[in-house]
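Undergrad: structure of the sequence below:
(chains A and B)
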2 protein chains.
Amino acid sequence: MSTSPNFRYVTLADQIQENIAGGMFRPGDRLPSLRKLHTRLGLSITTVHQAYIELEKRGQVEAREKSGFYVRPLSAAPRALPQHAKTRSGPSSVNINSLAQTIISELEREDILQLGAAVYSKELMPLKQLTRIMKSIPSATLGDFMSNYETCAGNQSLRRAIAGRMAGQAGSITHDDIITTNGCLEAVSLCLRAVAGPGDAILVESPVFHCFLQLIEDLNMRVIEIPACPEKGIFPQDFKKSVDSGQVAACLLNSNFHNPLGYRMSRENKRAILEMALKQDIPIIEDDIYGDLYFTGPRPSTYKSMDPKGMVLYCSSVSKTLAPGLRTGWVIPGKFRERVIRSKTATTVSNAGINQEVTARFITTGAYDRHLRTLRNHLKNQASALSMALHNHFPRDIRMTFPKGGMFLWVVLDPDINTMDIFHKAHEKNISILPGLICSSSNRYKNCLRLNCGIKWGPKMEQGIACLGDLVKQAYKGQKKT
Amino acid sequence: MSTSPNFRYVTLADQIQENIAGGMFRPGDRLPSLRKLHTRLGLSITTVHQAYIELEKRGQVEAREKSGFYVRPLSAAPRALPQHAKTRSGPSSVNINSLAQTIISELEREDILQLGAAVYSKELMPLKQLTRIMKSIPSATLGDFMSNYETCAGNQSLRRAIAGRMAGQAGSITHDDIITTNGCLEAVSLCLRAVAGPGDAILVESPVFHCFLQLIEDLNMRVIEIPACPEKGIFPQDFKKSVDSGQVAACLLNSNFHNPLGYRMSRENKRAILEMALKQDIPIIEDDIYGDLYFTGPRPSTYKSMDPKGMVLYCSSVSKTLAPGLRTGWVIPGKFRERVIRSKTATTVSNAGINQEVTARFITTGAYDRHLRTLRNHLKNQASALSMALHNHFPRDIRMTFPKGGMFLWVVLDPDINTMDIFHKAHEKNISILPGLICSSSNRYKNCLRLNCGIKWGPKMEQGIACLGDLVKQAYKGQKKT
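TA: Sure, this is the predicted structure:
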């Protein structure tokens, strides 16, 4: 399965990469010659050659002069995945805001290598097309957008475009089911306020996106963290124990290319979890902001698509897939529509109409889907390259994830290392990382860090990872001395 | 004092209008001839003539052929102001959301005469200039705005422009003290979350802007309403009794051209109230969204300008003064800056950068202040015309305000009339009004209504008011029968 079905060489490269990962080809192995694969698979020599070049770009193989292509020694070295913590706990209050704020304000600096952020490179964004669309909007139409309070549900063209793209993927919805928002986080905020009140406990996957914790803290709610398996997400049996306790008011889940772990939960596990939630009348707020960023198809399923009762509130935006400055997000709130509209009316009222119109036009022309195909390939390759660089520059015994999509790698260091120290030292060298400490309300993950693979790979990234690797190695040494 | 110091005829018209209001000229009186005023005041005949034409437009005088100008019989008829309710009450929970939502969703219809809304006519907005500015932004700059999460505090040019305009009016502030928001209501929402928590009581002026009540309800806070005098606002002694009860967590005040009453509180009363609040460490959230819309100068004072301790959180936007679709508001949160930034980071993150840039450029060139001078004159004249039409078409014994600025008239009908009935009947005739019921959490003001004078005066408005007057008269008759 490939993200670009038109390109045979990518399909082939994907297959070979899977074989390397699966152990069929071992580090140092010579790969089949161009001619052999040409005969065996019925593909042109050029296609096979392009596939090897692609794998070389991804850091998986290396060309040796006059000898052929070899599996890179490190690329297939079995690197341990992070372990799945099993500790569970009841609801707890959240208190990460001041720490998170420091970190976030440091992420805002422009001169920094943003390994701690959740952004993708500007050079990969279709900015020329977007600005061309904006420039092409007639002055009278621009005037209309400026002069009106848009209807609270949002720009109708955009809602139609989203409903069209999501057909199948979110059940049978129309534009009337959608409310636009100022980014995905506003959508999540409106949903939390619609389904829960102060003191209520919100179930999340742990580690958890730190902004969810900030939001829950800000709304005076409490959190129940279910430890997630780095590959499979949360398990239905763990979910069951939590909801059976009777303390869960609502769930806030990010099960497709989870931030920070990168897993894609299986359709079966999602269905099992949804059924338990429905049985107990517990709403699920689904953050699917990374759902379109799969490294191999098909597009993953959503809770929303399996929900016959309107108990799933689906949230997304184009901030990670198109351009964050458009501030264009949306929510499909199911049966909670009226309460979401109410909260929006009482805070932001409506959002910038012009940006919504630009986004709608970009989607409707098909440019968005074309852009996504390219972007997914870039992200996959950047994740490979980042993974490889970590192999090369970090201590040998680290554990790390390789994401199924999205834009994060999660790295687990020795339990005695505190990544806050590394955060501060990296910051002095103009590199940001996201320390694991802020991904939980209860002091877990302080030896972990999240890295962003949205940035275009190049010497600056390689050097940044090398520099970070040095800092981590120093921390390991310092720790052994004491 | 005039809003357009360049136009002598406006100054003269203002003076004569004040004299009419003060009783120097009585209804039916013949005004001094053009020649007499020319000699007496040293102004040209043309200027005096223009002043009389202006007063005719405002509905204050009428020209009688070959005889001169006369005070219109109704314009100076002493129309009773609404009474100042004296009842006070402790904190109460708010429960207006579902009613308010119905009303607001009906306001969204475009085919309706929006007497219930808080908007001004599109034809009075400088849309050509704004779209020209937007079109002139280079593509590369547009691309920058789209591609970045703007810093949470907001566009720096806009913050500098605001700080420049507000020099003196909000104490000594710089752009660093300002955070931009998605409209004024988001600013108020962030402030409430920064200074109070669930269950806390917020002191407001009563009647109160219904969106404040929705917001307070939405945040699970309670409200304490202090009845306001229709001319002078709330009195320091009433404020003192409330805060002395120890139940007030914060105040949310809209003391310049209050929505819905239109009063401008005196500097002295503001100072007295601020001092009491400071003494008890109670923050004041100041909504100054109408502050620039004074009908006669000077620009009214703000709590912010008198606050040495950073306890005032100042909120405003350009939605009522420029264009609501720009979604450009701001907050000057004083000592609560960190908490406001935190709440914004956890919800909308940042706002549409392009719109902020357009607003900044419009302010910086001086176009905004020029536009405001014109707009203030329009609003004043529209308020006069609306007031006159109410004299002509409504029952004789109504009470009503004449605002000092802003865009509302508040009308008080017979105590047994319920304006919700009139709301429904007017709605069938495609006219919206704001029923007084939603301007309080405790069933007050059900015989009141708020009318918007932001709409350009013309036959459609005259007919709308006539139609509304018929409905009100019918209600009076119906009530006498029963």
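
Undergrad: ok, for the one residue sitting closest to the centre of chain A, nearest residue in space, not its chain neighbours?
TA: Central residue of chain A (C-alpha atoms, centre = their mean): residue A:406, 3.6 Å from the mean position. With sequence-adjacent residues excluded and distances taken as C-beta to C-beta, 6 or more residues apart in numbering or on different chains, residue A:406 is closest to residue A:257, at 3.1 Å. Every C-beta, even on glycine, is put in place using the N, C-alpha and C of the backbone.

Undergrad: how about residue A:157?
TA: Counting by C-beta to C-beta, 6+ apart, the residue nearest residue A:157 is residue A:360, at 3.9 Å.

Undergrad: can you list contacts of the helix or strand where that neighbour lies?
TA: Assessed by DSSP states H and E, residue A:360 sits inside helix A:353-364. Helix A:353-364 has contacts (C-beta atoms under 8 Å, 6 or more residues apart in numbering or on different chains) with A:126, A:129-130, A:133-134, A:137, A:141-142, A:145-146, A:148, A:150, A:154-155, A:157-158, A:160-162, A:164-165, A:180, A:318, A:322, A:326-328, A:368, B:134, B:325, B:352, B:354-355.

Undergrad: relative orientation of that helix and helix B:353-364 in degrees?
TA: Relative orientation of helix A:353-364 versus helix B:353-364 (axes from the mean of the first three to the mean of the last three C-alpha atoms, to 10 degrees): 150 degrees.

Undergrad: what are the C-alpha coordinates of helix A:353-364, in CSV please?
TA: Extracted in CSV, the C-alpha atoms of helix A:353-364 (Å, rounded to 0.1, in the frame of the first residue of the first chain):
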residue,chain,number,x,y,z
GLY,A,353,-14.5,34.5,7.0
ILE,A,354,-11.8,35.3,4.4
ASN,A,355,-9.5,32.5,5.6
GLN,A,356,-12.3,30.0,5.7
GLU,A,357,-13.2,31.0,2.1
VAL,A,358,-9.6,30.5,0.9
THR,A,359,-9.5,27.1,2.6
ALA,A,360,-12.9,26.1,1.0
ARG,A,361,-11.7,27.0,-2.5
PHE,A,362,-8.4,25.2,-2.0
ILE,A,363,-10.3,22.0,-1.0
THR,A,364,-13.0,22.2,-3.6
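
Undergrad: closest residue of the stretch 251-400 of chain A to chain B?
TA: residue A:352 (3.5 Å; C-beta to the nearest C-beta).

Undergrad: contacting residues for that residue?
TA: Contacts of residue A:352 by C-beta under 8 Å, 6+ apart are A:182, A:327, B:182, B:325-327, B:351-352, B:354-355.

Undergrad: so the residue nearest to residue A:157 versus residue B:149, what's the distance?
TA: Computed as C-beta to C-beta, to the nearest Å, the residue A:360 to residue B:149 distance reads 21 Å.

Undergrad: how far off centre is stretch A:470-482?
TA: In terms of C-alpha atoms, centre = their mean, to the nearest Å, the centre of stretch A:470-482 is set 30 Å apart from its chain centre.

Undergrad: give me the neighbour count for residue A:415.
TA: Burial of residue A:415 is recorded as 9 neighbouring residues (other C-beta atoms under 10 Å in any protein chain shown).

Undergrad: mind listing the helices for the stretch 351-482 of chain A?
TA: Per DSSP state H, counting those that start in this stretch, the stretch 351-482 of chain A carries helices over the ranges A:353-364, A:367-393, A:419-428, A:459-481.

Undergrad: just say which of those is most tucked in.
TA: The highest average neighbour count among those, using mean count of other C-beta atoms under 10 Å in any protein chain shown, belongs to helix A:353-364 at a mean of 24.

Undergrad: that helix vs helix A:367-393, what angle?
TA: Using the same axes, to 10 degrees: helix A:353-364 against helix A:367-393 is 90 degrees.

Undergrad: for helix A:353-364, what is the average pLDDT?
TA: Regarding helix A:353-364, the rounded mean pLDDT is 96.

Undergrad: return the distance of that helix from the chain's centre.
TA: With C-alpha atoms, centre = their mean as the basis, helix A:353-364 stands 23 Å off its chain's centre.

Undergrad: quick one: contacts for residue A:153?
TA: Per C-beta under 8 Å, 6+ apart, neighbours of residue A:153: A:159, A:176, A:178-180, A:341.

Undergrad: and what of residue A:371?
TA: Here residue A:371 is in contact with A:126, A:322 (criterion: C-beta under 8 Å, 6+ apart).

Undergrad: same thing but at 10 Å, please
TA: By C-beta atoms under 10 Å, 6 or more residues apart in numbering or on different chains, residue A:371 lies in contact with A:124-126, A:129-130, A:321-322, A:362-363.

Undergrad: do the same with residue A:242
TA: A:88-91, A:201, A:203, A:224-226, A:234, A:248, A:251, A:276, A:282.

Undergrad: for the contacts of residue A:371, give me TSV that also has secondary structure.
TA: Below are the contacts of residue A:371 laid out as TSV (DSSP: H, G, I helix; E, B strand; the rest coil):
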residue	secondary structure
A:124	helix
A:125	coil
A:126	coil
A:129	helix
A:130	helix
A:321	coil
A:322	coil
A:362	helix
A:363	helix
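
Undergrad: do you know how far the nearest residue to residue A:263 once chain neighbours are set aside is from residue A:308?
TA: Among residues not flanking residue A:263 along the chain, residue A:233 sits closest, at 4.8 Å (C-beta to C-beta, 6+ apart). Distance check for residue A:233 against residue A:308: by C-beta to C-beta, it reads 23 Å.

Undergrad: these two: which is more packed in?
TA: residue A:233 (23 against 9).

Undergrad: surely the more buried one and residue A:254 touch.
TA: Yes: counting by C-beta atoms under 10 Å, residue A:233 does reach residue A:254; the two are 9.4 Å apart.

Undergrad: what residues do those two have in common as contacts?
TA: With C-beta under 10 Å, 6+ apart, residue A:233 and residue A:254 have common neighbours A:205, A:261, A:263, A:265.

Undergrad: for the residues you listed, work out which two are farthest apart.
TA: Pairwise distances across those (C-beta to C-beta) peak at 10.4 Å, for the pair A:261 and A:265.

Undergrad: which residues do those two both contact?
TA: With C-beta under 10 Å, 6+ apart as the test, residue A:261 and residue A:265 both reach A:205, A:228-229, A:231-233, A:254, A:404.

Undergrad: return the members of those classed as buried.
TA: Buried members of the shared contacts of residue A:261 and residue A:265, scored by 16 or more other C-beta atoms under 10 Å in any protein chain shown, are A:205, A:228-229, A:231, A:233, A:254, A:404.
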